[in-house]
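Engineer: My questions are about this predicted structure, shown below with the sequence.
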Amino acid sequence: MGASVIGSIVGLGGGFIAVPILRVFFHLAPGVAAGASLVLVFANTLSASVQFARQKRVAFDLAIPIALCAIPGSIFGAILSAHVSGPVFDTAYAIFLSAVAIDVLRRTVRKTTQPSRTELALRKPRWYFILLAGLVVGFISSLFGIGGGVVVIPLLLFATSEEMHVVTATSTAIIAMTAPVGIITQGFQHDLVWPICIALAAAGLVGGQLGALVAQRISSSQLSVFLAFMMVLAAAGMVLRNVL
């Protein structure tokens, strides 16, 4: 429930918190942890997306094409997750999350000016950006079981002029559309432990609604700092699991 609420607030689905918990405290194998987390992420983001759509915060012109391009990456990432060793999975996960957290903080503290019309035109995503973003989002989503939001949020912040609240809502919708592909692939690999998945999904449905409501009351700068803090915390948990 906690992972779902926090995940909805920052537009990541809660997988980036659930995976360290499943690895550190429940000692699940990488593939099993990724599969269970994806189920949570799907339930969470589907629930939150409905709320965000009602608030008219989802940029569907970006969400739909990126989600379609993510399908091949989702399949490959899910297959690879079953063949990665625990220490390699944890280390790669921690490094990736830390790098994204640093990038989000850098963009938050950097002084920004109002972009001109020309700059806004240049920041409209091209077709190759949509294709690349989709492939990377799908791959990361299924490999780590975190939904791909840690990739799509920095990409959208870099390539568009949308506010953080719109970016997080759009990220949530993209994850909701791409997660099922990874879940189906994980199912074919027998990596889904259904008692765990059902419990996570139930919490995800409720947490998604709560997180979407809380997100309305947080400013964009607070949202960015909170996102970075939770990423670093999750990364530290993965590292400490192997160190201790």
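Structural biologist: Arrived safely, thanks for sending.
Engineer: From V5, how far out is L205?
Structural biologist: 12 Å (Cβ to Cβ, to the nearest Å). Bear in mind the C-beta positions are built from the backbone N, C-alpha and C, glycine included.
Engineer: Compare these two and say which one has the larger neighbour count.
Structural biologist: For L205 against V5, the residue with the higher neighbour count under other Cβ atoms under 10 Å is V5, and the figures read 24 against 17.
Engineer: pLDDT score for the more buried one?
Structural biologist: As predicted, V5 sits at a pLDDT of 83.
Engineer: Show me what the helix or strand where it lies is packed up against.
Structural biologist: Using DSSP states H and E, the secondary-structure element containing V5 is helix 2-10. The elements that helix 2-10 packs onto, with contact taken as 3 or more Cβ pairs under 8 Å, 6 or more residues apart in numbering; DSSP states H and E, are helix 15-24, helix 30-54, helix 149-159, helix 164-188, helix 194-215, helix 220-243.
Engineer: Can I get those helices in TSV including distance to A82 and mean pLDDT?
Structural biologist: Conversion of these to TSV gives the following (distance: least, Cβ to Cβ, whole Å; pLDDT from 0 to 100):
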stretch	distance to A82	mean pLDDT
helix 15-24	15	83
helix 30-54	4	86
helix 149-159	21	77
helix 164-188	8	86
helix 194-215	16	85
helix 220-243	18	78
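Engineer: Turn those into JSON lines, columns for distance to A67.
Structural biologist: Formatted as JSON lines, the helices and strands packed on helix 2-10 follow (distance: least, Cβ to Cβ, whole Å):
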{"stretch": "helix 15-24", "distance to A67": "16"}
{"stretch": "helix 30-54", "distance to A67": "11"}
{"stretch": "helix 149-159", "distance to A67": "10"}
{"stretch": "helix 164-188", "distance to A67": "4"}
{"stretch": "helix 194-215", "distance to A67": "17"}
{"stretch": "helix 220-243", "distance to A67": "21"}
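Engineer: Out of these, which gets nearest to V100?
Structural biologist: helix 149-159 (4.8 Å; Cβ to Cβ).
Engineer: thinking again about what came up before, chain center to the helix holding V5: distance?
Structural biologist: On the basis of Cα atoms, centre = their mean, to the nearest Å, helix 2-10 is displaced by 10 Å from the centre of the chain it belongs to.
Engineer: I'd say I175 and S47 touch.
Structural biologist: No - using Cβ atoms under 8 Å, I175 is not in contact with S47, being 11.6 Å away.
Engineer: Neighbour count for these two, which is higher?
Structural biologist: When neighbours are counted by other Cβ under 10 Å, I175 comes out ahead of the other of I175 and S47, with 33 against 24.
Engineer: Three-state assignment for the residue lying closest to that one once chain neighbours are set aside, please.
Structural biologist: The shortest distance from I175 to any residue other than its chain neighbours is 3.8 Å, reached at G147 (Cβ to Cβ, 6 or more residues apart in numbering). Under DSSP: H, G, I helix; E, B strand; the rest coil, G147 falls in the coil class.
Engineer: residues in contact with G147?
Structural biologist: Listed by Cβ atoms under 8 Å, 6 or more residues apart in numbering, the contact partners of G147 are L12, G13, G15, L38, V41, F42, T45, S141, I175, T178, A179.
Engineer: What does the pLDDT read for it?
Structural biologist: Per-residue confidence (pLDDT) for G147: 70.
Engineer: could you check the distance from it over to A176?
Structural biologist: As judged by Cβ to Cβ, G147 and A176 stand 9 Å apart.
Engineer: No further questions, thank you.
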